[in-house]
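> sequence unknown, structure follows:
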Ligand code: F6R
């Protein structure tokens with residue numbers, strides 16, 4: 001939720017921490033701060049609001065030390081103001097924290113009874129007080145202080161701490177949200193995400209839960225929470241910082257919308273045989289015992305194992321949040337129709353608490369772009385306790401916690417997604433859901449080769465079809481000023497198009513802060529019809545598929561109540577043209593690939609309406625990209 005960066009090394013910490021925070025701003029952007037060593041003390045500078053506010057303050061500051069920590073915040077406890085901004089400082093101790101300390105209230109009141117004075121309303125400040133008690137009052141080193149407070153903390157956290165008593169040291173520890181370390185040429189960077197480390201080094205170490213990193217003089221040593229030394233593997237990361245630049249687009253989101261043809265091609269590429277137009281899910285990893293063995297995978301054995309797992313599956317659960325959940329809903333339609341296996345799709349925050357009954361021979365598919373979403377991760381961990389059930393993850397961020405903990409792994413391959421509203425990760429997931437459905441159908445002998453070839457060909461056509469659909473950018477750019485005046489938007493579709501209606505409404509809500517509802521078109525007369533008048537825009541998804549005529553009838557019902565209809569259909573559809581204020585024509589596609597095309601105009605609509613309202617498209621209010629708290 002928040003972004004952490006720490007640096008020690010020969011360079012100026014201010015510049016490195018600020019550019020690291022800039023690359024992590026997607027994680028939280030309601031306040032930010034740094035504590036950097038200057039004349040033997042950690043000088044703290046904090047500001048409410050976006051990182052630019054902090055940058056302005058820092059323009060006037062200089063620091064002579066070579067150690068510092070920084071933080072960009074997404075508020076959980078306490079308003080987003082300067083006092084609640086991190087770093088939190090108690091005596092010589094400064095800390096930055098990402099996550100939630102669940103038992104903070106009781107620990108805080110114990111400390112207050114002993115005379116501690118708290119400055120902020122956050123749960124995080126407590127950690128600085130706890131370390132202070134050990135470091136200052138009991139004379140422990142910073143490292144020993146951290147080890148001794150770990151048993152007291154309940155919750156999800158990643159924390160970086162420094163002390164003025166030995167200012168050349170930093171201690172990082174975590175239980176939950178990610179912390180990654182990179183060391184090169186006497187410098188060490190610690191951060192919540194790779195982006196902040198890549199300019200310094202591409203060789204990184206992932207801190208695991210209940211591990212502690214001790215950083216001193218350009219070196220890092222790793223320990224368990226009990227203080228035993230650990231030998232940890234370094235991982236080489238294969239991407240460049242240029243991938244996280246806007247490359248001429250006004251916003252990351254627009255760039256990412258336009259990257260979708262490539263994202264789909266990259267998601268499909270490993271798993272499709274271009275000669276036979278058939279599907280085989282490659283390197284899923286069910287055949288090996290644990291994530292660390294993925295490098296030694298035997299491809300043929302793994303194909304066999306995936307097939308074996310899929311053959312035995314009698315029931316599927318798909319668990320995710322937000323946009324990833326809607327991608328899961330599309331998966332439900334694909335898998336049930338192609339493979340004939342019953343599927344249940346759940347929002348992770350409900351799944352984890354609803355005492356779900358998961359029979360033997362179930363497959364649980366967890367979807368998460370970030371691979372860090374707290375509810376999805378908790379659902380995964382719950383399922384893993386059932387020995388008879390396999391978990392397959394679909395993630396964009398490789399080596400993220402969800403990816404590492406699942407039994408089987410598929411990758412969106414969408415490239416880094418910076419815009420807080422997910423776009424390209426969604427279409428990558430839809431592509432993978434198609435492949436999973438086909439593979440399950442093959443394992444169940446439910447898919448003949450002719451149909452398989454047809455589905456694959458339709459998928460392979462998607463990237464170039466998407467290029468055509470992206471031309472609607474111009475339409476929505478010019479229509480945005482009119483569209484923003486509607487009092488609300490109703491998005492509707494039937495069958496596999498229904499989740500796309502939900503996704504379209506979510507995009508408009510989160511970006512343009514407008515009232516938007518997604519509905520199954522057949523449900524309209526059971527309530528939402530009452531919303532419709534001339535101030536309501538109706539966005540109807542009406543591709544040529546088995547439910548076309550029924551959806552057209554729903555469209556007529558909406559139009560008869562005075563709704564302004566924008567319909568999205570396939571090819572030159574004269575009927576839809578007549579019935580609609582605007583008709584948007586998509587290339588003719590199959591029922592399995594229509595959703596991949598339909599979502600593009602909906603993303604562009606939300607983007608341009610939000611932009612014409614002058615909202616921050618990449619960082620919508622109150623949201624953050626990686627939701628690592630409940
Ligand atoms: C909406 C959006 C969110 C995420 C959700 C899950 O545009 O991006 O709804 O889809 O927070 O995130 P991941 O996929 O990282 O688990």
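On my side now, so go ahead. In this text, all values refer to a predicted model and were calculated from it rather than measured experimentally.
> Look up the pLDDT of residue 544 for me, please.
pLDDT for residue 544: 95.
> Give the closest residue to it in space, chain neighbours not counted.
Nearest residue to residue 544 in three dimensions, chain neighbours excluded: residue 570, at 4.3 Å (C-beta to C-beta, 6 or more residues apart in numbering). Glycine gets a C-beta too; all of them are placed from N, C-alpha and C.
> Need the phi and psi values for the one you found.
phi -110, psi 130 (degrees, to the nearest 10).
> how does the protein divide into domains?
By the assignment in automatic domain parsing, the chain contains the domains 3-238, 245-447, 470-612.
> is the residue nearest to residue 544 in a bridge, and if so with what?
Taking DSSP bridges, one obtains residue 586 as the residues bridged to residue 570.
> check whether stretch 247-262 contacts the ligand.
No: Stretch 247-262 lies out of reach of the ligand by C-beta under 6 Å from any ligand atom, never closer than 9.5 Å.
> Look up how far residue 38 lies from whichever residue of the stretch 401-550 of the chain sits closest to the ligand.
Per C-beta to the nearest ligand atom, residue 422 is where the stretch 401-550 of the chain lies closest to the ligand, at 3.3 Å. Distance of residue 422 to residue 38, given as C-beta to C-beta, to the nearest Å: 40 Å.
> my read: residue 506 touches residue 322, true?
Yes: here residue 506 lies in contact with residue 322, judged by C-beta atoms under 8 Å, at a distance of 6.9 Å.
> circling back: would TSV of the domains of the chain with distance to residue 461 and mean neighbour count be doable?
Converted to TSV, those look like this (distance: least, C-beta to C-beta, whole Å; neighbours: other C-beta atoms under 10 Å):
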stretch	distance to residue 461	mean neighbour count
domain 3-238	29	20
domain 245-447	10	21
domain 470-612	7	20
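> Can I get the ones you listed in a markdown table including distance to residue 626?
As requested, these are exported to a markdown table (distance: least, C-beta to C-beta, whole Å):
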| stretch | distance to residue 626 |
| --- | --- |
| domain 3-238 | 5 |
| domain 245-447 | 4 |
| domain 470-612 | 15 |
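> residues in the protein within reach of the ligand, list them.
Within reach of the ligand by C-beta under 6 Å from any ligand atom, the chain has these residues: 321-324, 368-370, 373, 376, 421-422, 506, 510, 627.
> could I get those as TSV with secondary structure and pLDDT?
Formatted as TSV, the residues of the chain next to the ligand follow (DSSP: H, G, I helix; E, B strand; the rest coil; pLDDT from 0 to 100):
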residue	secondary structure	pLDDT
321	coil	97
322	helix	97
323	helix	98
324	helix	98
368	strand	97
369	coil	96
370	coil	94
373	coil	94
376	helix	97
421	coil	94
422	coil	96
506	helix	98
510	helix	96
627	coil	75
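> In terms of distance to the ligand, which of the residues you listed ranks first?
residue 322 (1.9 Å).
> residues touching that closest one, list them.
422, 506 (C-beta atoms under 8 Å, 6 or more residues apart in numbering).
> before we move on, the earlier item: the residue of the stretch 401-550 of the chain closest to the ligand contacts residue 324, doesn't it?
Yes: the pair residue 422 / residue 324 is scored as a contact, 7.3 Å apart, by C-beta under 8 Å.
> can you list residues touching both of these two?
Contact with both residue 422 and residue 324 is made by residues residue 369, according to C-beta under 8 Å, 6+ apart.
> helix or strand for residue 306, which one?
Assigned by DSSP states H and E, residue 306 falls within helix 299-312.
> Over to residue 381?
Here residue 381 sits within helix 374-384, counting by DSSP H and E.
> same thing with residue 454?
Following DSSP H and E, one finds residue 454 within helix 449-469.
> Can you point out the buried residues in that helix?
452, 455-456, 458-463, 465-466, 469 (16 or more other C-beta atoms under 10 Å).
> for it, packing partners?
Using 3 or more C-beta pairs under 8 Å, 6 or more residues apart in numbering; DSSP states H and E, the elements in contact with helix 449-469 are helix 260-268, strand 272-273, strand 278-279, helix 424-443, helix 594-612.
> So for the second one, mean pLDDT?
For strand 272-273, the mean per-residue pLDDT is 95.
> show me the contacts for the residue nearest to residue 489 when sequence neighbours are not counted.
With sequence-adjacent residues excluded and distances taken as C-beta to C-beta, 6+ apart, residue 489 is closest to residue 516, at 4.2 Å. With contacts defined as C-beta under 8 Å, 6+ apart, residue 516 is in contact with 488-491, 504-506, 508-509.
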